[in-house]
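Asks: model the following, please.
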Amino acid sequence: MSILFKKRRNVTLVPNYVVLILLTIFALGPLVVLGFNSLKDSAELGSNPLGPPKQMILENYPQAWEQGNFSTTIRNSAILVVGTVAGVLVFGGMAAYSLSRLKMRGSDALIIYLLVISTLPIQLFLVPLYSLWRNLGLLNNLFGLILIYIAVMSPFPIFLLRSYMLQLSPDFEDAARVDGANEWQILWKIVIPLSWPGFLTTGLVVALGVWNEFLLATVFLTNENLFTIATSYFQFTRRFGVDWSLTSAAAMFMIIPVLVLFLIFQKPFIEGLTQGGLKQ
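Replies: Residues are numbered from 1 along each chain as shown. Got it, this is the predicted structure:
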């Protein structure tokens, strides 16, 4: 009976493996093709757009690095990512703790407000926001753009962290209150250490969003010395054509840091997403 059960189980798992293999090919196929194309010249890319290169052109990478000014744009994007993630985790963490633990009056209305705001496109606010930032002298200012990113990207982290904190047992917090701890001490010494997978997940999601953001960066940053990595693709645009080999190499500069970051934090990232969605 056990042998028959194992055989039946193996047979039933075959469709699952087939689907997983197809999804893996679908996900990794474009990245592999992109890597191939980044090592070709324009002539070979036109005749062989999907296969491996017959002769690897490694010069595409330093040429793309220089033409896209990546030494500057990567630095600017890193500053935006670090500043935005820090701001979102600090303010979003405090907001999530208030909504999940303090039972403030009007918290339900605030959650609905955040939900509605998060569904509105940022294009609706560009004109008044641009005028306000110009009057405040925050145009062509990385700090000014960080403030916008924090405001735009905070709703989702607040929802995720709130859901994560709702799962935490209040026993530790009650014991801390008995020992005389105030709410700040409970948040920083108890809730945050217990919620670190949720904070890590939130930080990765926000970092990816800032790293890839294009619209706000092009509107509020017009100084070339402040361009972000997403705007580097302007350097590969020509009036009558595009060098796709260099563009593919530039795309690798943008993708590789994200892949490395995700592979390093893959397990806690998935854990934070799954646990954060169990309870609302």
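
Asks: show me where the stretch 51-200 of the chain has helices.
Replies: Using DSSP state H, counting those that start in this stretch, the helices of the stretch 51-200 of the chain run over residues 60-67, 70-97, 107-119, 126-136, 142-153, 155-166, 171-178, 183-186, 192-194, 196-212.

Asks: residue 232 is nearest to which of these?
Replies: With C-beta to C-beta as the criterion, residue 232 lies closest to helix 70-97 of the helices of the stretch 51-200 of the chain, at 4.8 Å. (C-beta placed from N, C-alpha, C; glycine too.)

Asks: what's the closest of the helices of the stretch 51-200 of the chain to residue 265?
Replies: Nearest of these to residue 265, taken as C-beta to C-beta: helix 196-212 at 6.0 Å.

Asks: could the helices of the stretch 51-200 of the chain be laid out in JSON lines, adding mean neighbour count?
Replies: Shown next, in JSON lines, are the helices of the stretch 51-200 of the chain (neighbours: other C-beta atoms under 10 Å):
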{"stretch": "helix 60-67", "mean neighbour count": "16"}
{"stretch": "helix 70-97", "mean neighbour count": "20"}
{"stretch": "helix 107-119", "mean neighbour count": "12"}
{"stretch": "helix 126-136", "mean neighbour count": "12"}
{"stretch": "helix 142-153", "mean neighbour count": "19"}
{"stretch": "helix 155-166", "mean neighbour count": "22"}
{"stretch": "helix 171-178", "mean neighbour count": "13"}
{"stretch": "helix 183-186", "mean neighbour count": "14"}
{"stretch": "helix 192-194", "mean neighbour count": "14"}
{"stretch": "helix 196-212", "mean neighbour count": "21"}
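
Asks: in CSV: those helices, plus mean pLDDT and distance to residue 229.
Replies: Output for the helices of the stretch 51-200 of the chain, formatted as CSV (pLDDT from 0 to 100; distance: least, C-beta to C-beta, whole Å):
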stretch, mean pLDDT, distance to residue 229
helix 60-67, 89, 11
helix 70-97, 93, 4
helix 107-119, 80, 25
helix 126-136, 93, 21
helix 142-153, 94, 13
helix 155-166, 86, 22
helix 171-178, 83, 41
helix 183-186, 84, 37
helix 192-194, 84, 30
helix 196-212, 89, 7
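
Asks: export the ones you listed to TSV and tack on distance to residue 44?
Replies: Output for these, formatted as TSV (distance: least, C-beta to C-beta, whole Å):
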stretch	distance to residue 44
helix 60-67	11
helix 70-97	24
helix 107-119	45
helix 126-136	42
helix 142-153	39
helix 155-166	43
helix 171-178	62
helix 183-186	61
helix 192-194	53
helix 196-212	29
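
Asks: quick one, which of those helices gets closest to residue 38.
Replies: Across these, residue 38 has its closest neighbour in helix 60-67 (5.8 Å, C-beta to C-beta).

Asks: which outside residues touch that closest one?
Replies: Helix 60-67 is contacted by residues 38-40, 70-71, 235-236, 245-250, 252-253 when judged by C-beta atoms under 8 Å, 6 or more residues apart in numbering.

Asks: stretch 124-142 now?
Replies: The contact list for stretch 124-142 (C-beta under 8 Å, 6+ apart) reads 76, 79-80, 83, 144, 147-148, 219-223, 226.

Asks: let's see 10 Å
Replies: 76-77, 79-80, 83, 117, 122, 144-148, 151-152, 215-216, 219-223, 225-226, 228 (C-beta atoms under 10 Å, 6 or more residues apart in numbering).

Asks: over to stretch 90-103?
Replies: Residues external to stretch 90-103 that are found in contact with it (C-beta under 10 Å, 6+ apart): 88, 104, 107-108, 110-111, 114, 150-151, 153-168, 170, 173, 183-184, 186-188, 191-192, 195, 198-199, 202-203, 206.

Asks: repeat for stretch 23-38
Replies: 44-45, 48-53, 56-58, 60-61, 64, 244-253, 255-256, 259.

Asks: buried sites along it?
Replies: Within stretch 23-38, the residues scored as buried using 16 or more other C-beta atoms under 10 Å are 35, 36, 37, 38.

Asks: stretch 228-236 now?
Replies: In terms of neighbour count (16+ other C-beta under 10 Å), stretch 228-236 has its buried residues at 228, 229, 230, 231, 232, 233, 235, 236.
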